[in-house]
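# fold the following, please.
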Amino acid sequence: MNQSGLRVHRAFARLLMVMSSALLVGACSSGGQVPAPATGGAGRGGGPAPVVVTTATVIEKSMAVEARAVGNVEASSSIAVRSQVSGDLLKVGFTEGQNVTAGQTLFVLNPRQFEVAVQQAEAALARSRAQADGMAVQVRRAEELFARQLLSKAEYDQLTTQLAVYRASIEADEAALANARLQLQYATITAPVSGRTGALLVHPGSLVRANDATPLVMINQMSPAYVSFAVPARLLSQVQRDQSRGALRVLAAPAGSADEAVTGTLSFIDNAVDPSTDTIRLKATFPNHDRQLWAGAFVDVTLQLSIVPDAIVVPNASVQASQQGQYVYVIKPDATADVRPVTVAWQAGNEIVIRTGLTPGETVVTDGQLRLTPGARVTTQSAGEQTRTAP
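Model (predicted):
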């Protein structure tokens with residue numbers, strides 16, 4: 001072996017010795033054992049730890065069938081006040097937003113032109129009456145002459161015809177006088193209904209035109225008030241059936257407000273279902289003496305129907321939604337969670353009435369569903385109680 005080959009051989013030998021020493025040191029530091037695979041948190045028996053959830057018991061109790069919707073308040077009447085004659089506005093008899101009563105004076109136009117028209121009509125009527133009286137005297141004389149054959153038939157007919165013309169003029173002048181007095185009456189504009197006035201659109205000195213497109217003011221009659229809302233068409237038969245037994249109670253509260261709801265009664269059911277939404281339009285009447293409902297406002301509406309004595313009820317938080325429908329987690333006797341599909345009948349506040357899927361006495365999860373899987377072991381606690389581990 002030459003000198004170069006000898007050096008390569010020695011270097012290779014030293015490398016083998018270093019590698020052998022490293023392996024011995026690693027084996028001694030680990031005690032010669034292979035590391036166990038990592039495991040999750042251990043519970044009893046070495047399995048996963050139970051999931052802590054909050055539960056509630058399915059109960060059976062009497063519940064009112066309720067339909068909830070968003071409604072819109074309507075005035076019982078909304079009147080656009082317009083003038084029936086043209087003229088200068090002389091006086092406004094109210095302030096904006098004031099409550100007015102039927103017959104109260106709202107506006108007064110300058111009456112001078114209408115007073116003159118009345119005087120002219122009275123004068124024309126007086127003239128016609130004087131002419132008719134004079135002609136009546138001539139006709140009586142003509143009758144005597146005609147009876148003595150001192151007046152021709154043609155002359156007599158001419159006089160009686162003239163008297164008829166004057167009498168017809170009297171009737172026309174009387175109608176003209178009545179119209180002139182009516183125009184004078186229209187110069188004072190009164191409230192047609194009791195209600196609350198809106199914004200004032202004219203001021204003293206303005207020229208008011210007869211039957212103008214823009215009203216002088218709007219009056220909304222707010223007592224009583226109507227609330228219009230829609231419910232699913234599937235409830236129509238039940239609404240009709242329950243209404244036949246008596247007036248149906250309707251509650252309304254301003255949307256998003258903590259104010260106490262006001263009570264009214266169902267007064268109208270539309271004659272057709274809206275095919276685009278599959279809903280039926282209803283209307284309720286409220287006395288609204290305290291003006292809590294305001295025209296145009298949105299309100300939360302609750303229509304109270306019949307009472308179901310044996311409704312299956314669970315807390316609202318227990319019902320979850322998925323692509324396959326609504327479901328709840330039920331705690332089985334072996335302290336594991338089971339997924340149960342349910343059918344919801346209706347919701348009443350923080351409670352939900354279940355049509356199918358649950359029986360009274362079962363335990364459902366109200367909090368912690370996101371940590372659950374079917375068959376997971378659980379540790380349950382009722383709302384407000386300390387955690388207790390299921391057996």
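
# low-confidence stretches in the stretch 1-150 of the chain?
Counting by pLDDT under 70, the stretch 1-150 of the chain contains low-confidence residues at 1-47.

# so where do the strands sit in it?
Ranges of strands within the stretch 1-150 of the chain are 51-57, 59-81, 87-92, 99-100, 105-109, based on DSSP state E, counting those that start in this stretch.

# can you redo the ones you listed as JSON lines with distance to residue 134 and mean neighbour count?
Where C-beta positions appear, they are placed from N, C-alpha and C, glycine not excepted. JSON lines is the format used below for these (distance: least, Cβ to Cβ, whole Å; neighbours: other Cβ atoms under 10 Å):
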{"stretch": "strand 51-57", "distance to residue 134": "103", "mean neighbour count": "18"}
{"stretch": "strand 59-81", "distance to residue 134": "48", "mean neighbour count": "16"}
{"stretch": "strand 87-92", "distance to residue 134": "38", "mean neighbour count": "16"}
{"stretch": "strand 99-100", "distance to residue 134": "52", "mean neighbour count": "17"}
{"stretch": "strand 105-109", "distance to residue 134": "39", "mean neighbour count": "19"}
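
# quick one: which of those is nearest residue 365?
Nearest of those to residue 365, taken as Cβ to Cβ: strand 51-57 at 4.8 Å.

# just after the longest helix seen in the chain, pick out the following helix or strand.
Longest among the helix segments of the chain by residue count, using DSSP state H, is helix 112-147. Sequence order places helix 153-186 as the next helix or strand after helix 112-147, per DSSP states H and E.

# residues contacting the residue nearest the centre of the chain?
Taking Cα atoms, centre = their mean, the centroid of the chain lies closest to residue 71, which sits 1.5 Å from it. For residue 71, the residues meeting the contact criterion (Cβ atoms under 8 Å, 6 or more residues apart in numbering) are 227-229, 252, 284, 298-301.

# tell me which of those is nearest to residue 48?
Checking the contacts of residue 71 against residue 48 by Cβ to Cβ gives residue 300 as the nearest, at 44.3 Å.

# what comes up buried for the host helix or strand of the closest one?
Per DSSP H and E, residue 300 falls inside strand 298-315. Within strand 298-315, the residues that count as buried by 16 or more other Cβ atoms under 10 Å are 299-305, 308, 311-315.
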